[in-house]
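Undergrad: after the sequence you'll find the predicted model.
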Amino acid sequence: MIGPEGRGVPTIIEMVMMTRFDCIVGSASLMRQALAQALHHCMQREISGRRLAEHALMRNVLADLALESEAALLLAMRIARRLDEAAHDARARQFVRIATAVGKYWVCKRAPAHVNEAAECLGGAGYVEESILPRLYREAPVNSTWEGSGNVQCVDVLRALAREPAALEAFLAELAPAAALDRRLAAYVARLQDDLAQADEREHRARELVGRMALALQAALLLEAGHGALADAFCATRLAGRGMVYGELPAGLDCATIVERARPQPA
Ligand SMILES: Cc1cc2nc3c(=O)[nH]c(=O)nc-3n(C[C@H](O)[C@H](O)[C@H](O)COP(=O)(O)OP(=O)(O)OC[C@H]3O[C@@H](n4cnc5c(N)ncnc54)[C@H](O)[C@@H]3O)c2cc1C
């Protein structure tokens, strides 16, 4: 016996929280590696007399990939911290109960498209096996499937919402400091809370709702981290329902700063 009789699901949930967290970290690191490869290539390859990374359209794509990668990393690190605290802190325990499923669903679902876009930055060289990108691309989908696939994460979030109201309270409390400082996030969280309170069609809408929970958390973490250019770009796209493909950041954002921040630095 590895837990109390009749308490199989709660017992395994404690274990799968850690393996789901592994999937989040794995996907965030695949994204970072793919981004580093794309940046490295685009900062050297010249087209029409300029480095690829200096072309406005490519800079938009690279900045958007960098944004997604940093948001994934911040989410992974916040869950890591709360998992550490969970041993002695009930609020952290309630937060990770819901946030690991939210993060596993979202980050692992975003990773394959992210790696694909990064590979395209290398053109044909990103498709053939001489580069590392095809290997990253083959690896990316597994994190979404194993340790509970996308729908299973979403159904688990619904279960937590229904049976453990303290988990949602802890999740919303995590968003509150950033939402208090940023009207865009405050309005987004208010709409999300209204929609989470609706019982109708909840299962049908589970992916949409869980995705919005993830975006709210990522926006809060970017705002808290104080990276103005990244937080602005994230709020202007992800919270505004834009960005079906990477590279649709609206004009007026500081893409150059975002790209420079993500650039691999010599050791
Ligand atoms: C490379 C690899 C290694 C693995 N290693 C291990 C291992 O070491 N140990 C281990 O135990 N398992 C392992 N697995 C199994 C893995 O965890 C499962 O494949 C995964 O959890 C999906 O479960 P399933 O294959 O039974 O699919 P199913 O549960 O049949 O799911 C099929 C589809 O139905 C969807 N679905 C399921 N339930 C619902 C629902 N209620 N509502 C809506 N949609 C739903 C799923 O999202 C999925 O899209 C491994 C899998 C892979 C690919």
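TA: Yep, that arrived. Here the structure is a predicted model, which is why all the values come from computation and not from measurement. Numbering: from 1, shown residues only.

Undergrad: and for the closest residue to the ligand within the stretch 151-267 of the chain, the neighbour number?
TA: As assessed by CB to the nearest ligand atom, the ligand sits closest to N151 within the stretch 151-267 of the chain, at 3.4 Å. In this view, the C-beta of every residue, glycine as well, is placed from N, C-alpha and C. For N151, the neighbour count with other CB atoms under 10 Å is 13.

Undergrad: and the strand or helix carrying it, how far from the chain's centre?
TA: Using DSSP states H and E, N151 sits within helix 150-163. Helix 150-163 sits 18 Å away from the centroid of its parent chain (CA atoms, centre = their mean, to the nearest Å).

Undergrad: buried residues in that helix?
TA: G150, Q153, C154, D156, V157, L158, A160, L161 (16 or more other CB atoms under 10 Å).

Undergrad: same for that helix, what does it pack against?
TA: Where contact means 3 or more CB pairs under 8 Å, 6 or more residues apart in numbering; DSSP states H and E, helix 150-163 is packed against helix 90-121, helix 165-181, helix 206-225.

Undergrad: surely the residue of the stretch 151-267 of the chain closest to the ligand meets A206?
TA: Yes: in this structure, N151 is within contact of A206 by CB atoms under 8 Å, at 7.5 Å.

Undergrad: next, count neighbours for V128.
TA: 10.

Undergrad: which residue sits closest to it in space, ignoring its chain neighbours?
TA: P134 (7.1 Å; CB to CB, 6 or more residues apart in numbering).

Undergrad: so I132 sits against H40, correct?
TA: No: using CB under 8 Å as the test, I132 is too far from H40 to be in contact (10.8 Å).
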